[in-house]
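J.: this one's sequence-less:
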């Protein structure tokens with residue numbers, strides 16, 4: 001049995017409070033990155049190979065807790081800003097996957113997946129197999 005390995009990163013965006021965003025990154029165990037003119041914008045990279053986080057460690061409770069990473073992220077975005085969170089992953093060469101999620105400062109989201117191509121490809125012909133085994 002193969003292990004699924006996933007990577008995640010974001011674009012750069014403005015945050016409401018740099019100190020609070022740094023605490024958010026520590027909570028979710030992601031690496032804070034800076035970019036844009038004069039490194040005034042923020043973003044993140046995943047630590048390890050688990051993709052978009054779904055749990056975080058609560059040291060007060062001494063346990064891993066489920067959470068909503070994207071909703072939590074949206075609360076840190078400055079008004080008008082949209083974060084793009086991209087995850088790519090693989091399990092050996094059986095499955096290659098990828099998705100991008102856009103989330104705004106109000107928590108509204110859009111998502112696209114590499115698998116969306118299959119529906120669009122039907123415009124080109126009917127005989128289509130999946131890129132997997």
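T.: Arrived safely. Keep in mind it's a predicted model, so treat the numbers as computed, not measured. Numbers count the residues shown, from 1 in each chain.

J.: switch to C-alpha atoms for all contacts and neighbour counts from now on
T.: Will do.

J.: shaky segments in the protein?
T.: The chain contains residues with pLDDT under 70 at 1.

J.: all strands of it, in order?
T.: Under the criterion DSSP state E, the chain contains strands at 4-10, 30-35, 41-46, 55-58, 63-66, 82-91, 95-104, 109-113.

J.: Of these, give the one that comes closest to residue 131.
T.: Residue 131 lies closest, by Cα to Cα, to one member of the strands of the chain: strand 95-104, at 7.2 Å.

J.: Between strand 41-46 and the longest helix that the chain contains, find me the angle.
T.: Determined from DSSP state H, the single longest helix within the chain is helix 18-27. Angle, helix 18-27 to strand 41-46, by axes from the mean of the first three to the mean of the last three Cα atoms, to 10 degrees: 10 degrees.

J.: If you count neighbours, what's buried in helix 18-27?
T.: 21, 22, 24, 25 (16 or more other Cα atoms under 10 Å).

J.: Okay then, goodbye and thanks.
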